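>>> next one to model:
(2 chains)
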Amino acid sequence: MKILLVDDEYELVSTLAERLSIRGIDADWATSGKDALAKLAETNYDLAVLDIKMPKLSGLELRKQIQTIQPNMRYIFMTGHGSAEDFFSASSEEGADAYLVKPVNIDDLITKIHESLARQALGASGPIEQ
Amino acid sequence: MHAEWEIVGKEGLIFFGKMSASISHEIKNILAIINENAGLLNDFTIMAEKGVPIAPERLKTISTKIAEQVKRADLIVKNMNLFAHSVDEQIQTITLHDLIEVVIKLSLRFAANRGVHLSQQPAVSPVHITSAPFLLQNLIWLCLDKTMDQVGIKKTVSIIAKSVHNGVMIKFAYAGTIGEKSVTFPSEQTAALLMLLKAELEINDEAGELILHLPASLVA
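Residues are numbered from 1 along each chain as shown, chains lettered A, B, ... in the order given. Below you'll find the model as predicted:
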């Protein structure tokens, strides 16, 4: 299992990746859509955890670009807002399995990662679950 | 005049809401960083309990990161407080540089989203103005918002405030083009603020500058 975390807050994404690594999850991270696309060009990932609100390239826009590079990837979105608008934007995205509000609980994130990858293994798609 | 007050009242709430949402987003991010670092500290504690050696330097780095985020939050809340108090009295005598600094800091997220850098040139001498601070912040934000949209290739909006013989001027240098006969700017809201603040707007597309001319005192 290999996942990519993308958030424009360096301190957040790097620490989250380290905590996932401690729990045996191979996690890379990027602080912009551009960095993420560069990593995706070199490495195959099973799942991406994307911040929705990022400068220049939002998480939702980034997902559309990733889809053309790695079409089978699953997604978990995270946001600081937790607004209904964000939820509906994220939940309508194809391949989106979960939507988490910051601060994220690491155990919740890991549960969502496993659930998402189980869905991938079953070839499932459809609406996300909360 | 009544119509202008109605416009700025409604739009002022939108401005206040926009800034508050941006501040809350920033604070959420800071809390998320503190949350992860506290979690990492807990992870290390559990590992140490299991006999895994943890270098003290790692713990020191985490505590430094938490302290940095607390400092970052403190600055944000300080600006939020200054912004909130700008409605205490409708007319106040203020240092223009400080007021612009608050608007710039509140606008940093909006600037980052557009890849624009904001800066304020230091004033040669303090510029004081007696005006309506909340309305003035709203007007400065609208000018910033517009110039950030039209910014030139350097992607920088530089602001300078200075006293002139008949009042005060605030110059937004953005090295871009708005169009002197733009149909969208100044908007109805901007026009209402200009009227209530007795201000004038000058767009100099050749120089890539937008200039606000304001009276030194609104009550004079």
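
>>> what does chain A put close to chain B?
A:8-9, A:11-12, A:15-16, A:18-19, A:22, A:53, A:55-56, A:80-81, A:102-104, A:106 (CB under 8 Å from any CB of the partner chain). Placement of C-beta: from N, CA and C, glycine included.

>>> list only buried entries from those.
Applying 16 or more other CB atoms under 10 Å in any protein chain shown to those, the neighbour count classes A:8-9, A:11-12, A:15-16, A:18-19, A:22, A:53, A:55, A:80-81, A:102-104, A:106 as buried.

>>> mind giving me the packing neighbours of the longest helix anywhere in chain B?
Counting by DSSP state H, the longest helix found in chain B is helix B:2-49. If you count contacts as 3 or more CB pairs under 8 Å, 6 or more residues apart in numbering or on different chains; DSSP states H and E, helix B:2-49 packs onto helix A:10-22, helix B:56-85, helix B:96-113, helix B:133-149, helix B:188-196.

>>> if we compare these, which one ends up closest to A:Glu115?
helix A:10-22 (15.3 Å; CB to CB).

>>> and the nearest residue to B:Thr156 once chain neighbours are set aside, what does it touch?
Nearest residue to B:Thr156, sequence neighbours excluded (CB to CB, 6 or more residues apart in numbering or on different chains): B:His117, at 4.7 Å. B:His117 makes contact with B:Ala111, B:Lys155, B:Thr156, B:Val157 under the criterion CB atoms under 8 Å, 6 or more residues apart in numbering or on different chains.

>>> recalculate using a threshold of 7 Å.
Residues in contact with B:His117, defined by CB atoms under 7 Å, 6 or more residues apart in numbering or on different chains, are B:Ala111, B:Lys155, B:Thr156.

>>> again with B:Asp43
A:Arg19, A:Ile22.

>>> could you dump the helices and strands packed on helix B:2-49 to JSON lines with mean pLDDT and distance to B:Ile33?
Compiled in JSON lines, the helices and strands packed on helix B:2-49 are given as follows (pLDDT from 0 to 100; distance: least, CB to CB, whole Å):
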{"stretch": "helix A:10-22", "mean pLDDT": "96", "distance to B:Ile33": "5"}
{"stretch": "helix B:56-85", "mean pLDDT": "95", "distance to B:Ile33": "5"}
{"stretch": "helix B:96-113", "mean pLDDT": "93", "distance to B:Ile33": "15"}
{"stretch": "helix B:133-149", "mean pLDDT": "94", "distance to B:Ile33": "26"}
{"stretch": "helix B:188-196", "mean pLDDT": "90", "distance to B:Ile33": "36"}
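
>>> count of neighbours near A:Thr68?
For A:Thr68, the neighbour count with other CB atoms under 10 Å in any protein chain shown is 7.

>>> ignore the last one, B:Phe110
18.

>>> separation between it and A:Val104?
Per CB to CB, to the nearest Å, B:Phe110 is found 25 Å from A:Val104.

>>> give me the low-pLDDT residue ranges for chain A?
Scanning chain A for pLDDT under 70 picks out A:82-95, A:124-130.

>>> what do you get if the cut-off is 90, keeping everything else the same?
By pLDDT under 90, the low-scoring segments of chain A are A:1, A:52-58, A:60, A:67-72, A:79-101, A:116-130.

>>> just want the most central residue of it.
Taking CA atoms, centre = their mean, the centroid of chain A lies closest to A:Val49, which sits 1.4 Å from it.

>>> biggest strand in chain B by residues?
Counting by DSSP state E, the longest strand found in chain B is strand B:156-164.

>>> next, the buried residues of that one.
Buried positions in strand B:156-164, judged by neighbour count with 16+ other CB under 10 Å: B:Thr156, B:Val157, B:Ser158, B:Ile159, B:Ile160, B:Ala161, B:Ser163.

>>> I'd like those as JSON lines, with distance to B:Asn37 appended.
Shown next, in JSON lines, are those (distance: CB to CB, whole Å):
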{"residue": "B:Thr156", "distance to B:Asn37": "33"}
{"residue": "B:Val157", "distance to B:Asn37": "34"}
{"residue": "B:Ser158", "distance to B:Asn37": "35"}
{"residue": "B:Ile159", "distance to B:Asn37": "35"}
{"residue": "B:Ile160", "distance to B:Asn37": "39"}
{"residue": "B:Ala161", "distance to B:Asn37": "39"}
{"residue": "B:Ser163", "distance to B:Asn37": "46"}
